[in-house]
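A.B. asks: Mind looking at a prediction? Sequence and model below.
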Amino acid sequence: MTELSKMILDKIRDVPDYPKPGVLFKDITPLLADPVTMAAVVDELAGLHQVDKIVGIEARGFILAAPVAYRAAAGFVPVRKKGKLPAETLEESYDLEYGSATIEVHRDAFAPGDRVLIVDDVLATGGTAKATVDLVQRAGARVVAIAVLMELGFLKGRDRVEGVELHSLVIV
Ligand SMILES: O=P(O)(O)OC[C@H]1O[C@H](OP(=O)(O)OP(=O)(O)O)[C@H](O)[C@@H]1O
Ligand SMILES: Nc1ncnc2[nH]cnc12
């Protein structure tokens, strides 16, 4: 295990039965509140690939993706829950560990062929990540990789995004 993985695991709080019985929620707020770990995470994610745009997924994904975009000198593109983006959008619906959702991106968010890194906090079932890959591709950009702070290995989300490079700073 790397030093960074240890730092991350030390700052993640397990909350049983949230938001539904049977779900073990991985709470990243202690990590967000720790500037040393947060800086190490942002630096690691920003150094993975040279890209034109970083895509962040509402809401927790935004918290990581925006500083990563700044650090990587890349543009930031928000993928938002349905109904929040003002201009013309593309949308995808999917299931996740504790429900279902529809997400959107602006149709003109990317220049043709833009290289994109998708950043999120958690990969669980992979529904969110797969829907985001599809949105980015439909919008005419190229997904270079997906990067997450934490992968819940037992949910096999990795299989949903087979064929796309996936970086997980920790796998639990
Ligand atoms: O791999 P999956 O099963 O799709 O789950 C992972 C997603 O679930 C969480 O988001 P959530 O939809 O709970 O929204 P939030 O960021 O607004 O809390 C998390 O931030 C990921 O985006
Ligand atoms: N168990 C979990 N903890 C935190 N975020 C999640 N997103 C999906 N499943 C999750």
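C.D. replies: Thanks, I have the structure now. This is a predicted model, so every value here is computed, not measured. Ligands and ions are numbered 1, 2, ... in the order given.
A.B. asks: tell me what the strand or helix carrying V68 is packed against?
C.D. replies: Element membership for V68, per DSSP states H and E: helix 60-72. Applying 3 or more Cβ pairs under 8 Å, 6 or more residues apart in numbering; DSSP states H and E, one finds that helix 60-72 contacts helix 35-46, strand 53-57, strand 75-81, strand 115-123. All C-beta spots, glycine's among them, are computed from the backbone N, C-alpha and C.
A.B. asks: now for these, which one comes closest to ligand 2?
C.D. replies: Nearest of the helices and strands packed on helix 60-72 to ligand 2, taken as Cβ to the nearest ligand atom: strand 115-123 at 4.0 Å.
A.B. asks: do that closest one and ligand 2 meet?
C.D. replies: Yes: Strand 115-123 reaches ligand 2 (Cβ under 6 Å from any ligand atom) through V122.
A.B. asks: Need the outlier residue of the chain, farthest from its centre.
C.D. replies: Distance from the centre of the chain peaks at P21, with 24.2 Å (Cα atoms, centre = their mean).
A.B. asks: Around V15, how many other residues sit close by?
C.D. replies: Using other Cβ atoms under 10 Å, V15 has 11 neighbouring residues.
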